[in-house]
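Student: take this sequence and fold it.
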Amino acid sequence: MITAIITKILFLIAVIDPLGSVPVYLEATKQLDTLHKRKVAIRASLVAFAILLFFIVVGQIILEGMQVTLDAFEISGGVILFLFALTMIFGEGKPETEKHMIKDYKHVTIFPVAIPSIASPGAIMAVVLLTDNHIYTIQEQALTTLLVLLVVIITMFILLGAHLVQKRIGEYGITVISKIMGLILASYAVQSILSGLKDFFIVLE
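Tutor: As a prediction, this is how the structure comes out:
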C-alpha cells in the first residue's frame, strides 16, 4: 500500500513537474509586485487542481459516452503521455516552451501558469488513467485525488519560493530535472500501452 502511494506520488510529480513551472511562473509574474506574485501562485494552483479534479470526475464519463473501450483508452492515453514525455526529453523543455506562450503579462494566472504549466495535457491524461473506474475502487480513486492535491500544494509552495529555488538550482538545472521527469513519464506511458495491448489480445483469444 505504502509502495503504491509512493509510486503514484512520484509519477504525479513527474507528470506535473513542479520545478518545471518555476521559470514559467517567474517570467509570467516578472512585472508584478510581491503580493500579486503570491496571489498568482495560490490562485493558479487552485485553478489547476480544479481542472484536474474536473477530469477525474467526468473524464471517463465523457470517454465512455463516446463508447471508448478501456483497452483503447489505455493505449491512446499511453501514446499521448509518451508523446508528451518526448517533448519534455527532446524538445526545448517545458520552461522555455511555456515561457514563449506568455503574451499578456497582466493575465497570467490561468494561462500559462495554471494551464498548461501545472495542469498540463499530460497531467490531465494521467489523472484520468489513475482513476479509471474499471481498475480502481472508489477508495483508491479518492486517495489518488488527495495525492493530486498534495502534489499541487507542493507545487504551490515551490512557486511561492520560486526565486530561492531558481537561485539554488538554476534554470539549466530545472531543465535537466524536467527531462528526467520526462524519462520517468515515458516509462509509465510505455507500460500503459503494453498493458492495453495485452488486455486487448486476451479479449480476442
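Student: residue 12: which element?
Tutor: Using DSSP states H and E, residue 12 sits in helix 2-16.
Student: only alpha carbons, please: show the following helix or strand past that helix as PDB.
Tutor: Note on helix 2-16: by DSSP H and E, the next helix or strand toward the C-terminus is helix 21-28. What follows is helix 21-28 as a C-alpha-only set of coordinates in PDB (Å, rounded to 0.1, in the frame of the first residue of the first chain):
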ATOM      1  CA  SER A  21       6.800  25.500 -13.600                       C
ATOM      2  CA  VAL A  22       9.300  27.800 -11.700                       C
ATOM      3  CA  PRO A  23      10.800  29.600 -14.700                       C
ATOM      4  CA  VAL A  24       7.400  29.900 -16.300                       C
ATOM      5  CA  TYR A  25       6.000  31.400 -13.100                       C
ATOM      6  CA  LEU A  26       8.900  33.800 -12.700                       C
ATOM      7  CA  GLU A  27       8.700  35.000 -16.300                       C
ATOM      8  CA  ALA A  28       4.900  35.400 -16.100                       C
END
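Student: and the angle for the next helix-or-strand element following helix 21-28 with helix 21-28?
Tutor: Scanning forward in sequence from helix 21-28 by DSSP H and E, the next helix or strand is helix 34-65. If you take axes from the mean of the first three to the mean of the last three CA atoms, to 10 degrees, helix 34-65 sits at 120 degrees to helix 21-28.
Student: coming back round to it: and the helix holding residue 12 with helix 34-65, angle?
Tutor: Relative orientation of helix 2-16 and helix 34-65, computed by the same axes, to 10 degrees: 110 degrees.
Student: and helix 2-16, how far out from the chain middle?
Tutor: Once both centres are worked out by CA atoms, centre = their mean, to the nearest Å, helix 2-16 turns out to sit 11 Å from its chain's centre.
Student: name the surrounding residues that touch it.
Tutor: Contacts with helix 2-16, where a contact means CB atoms under 8 Å, 6 or more residues apart in numbering, come from 81, 118-120, 122-123, 126-127, 130, 143-144, 147-148, 150-152, 154-155, 181-182, 184-185, 188. C-betas here are computed from N, CA, C, even on glycine.
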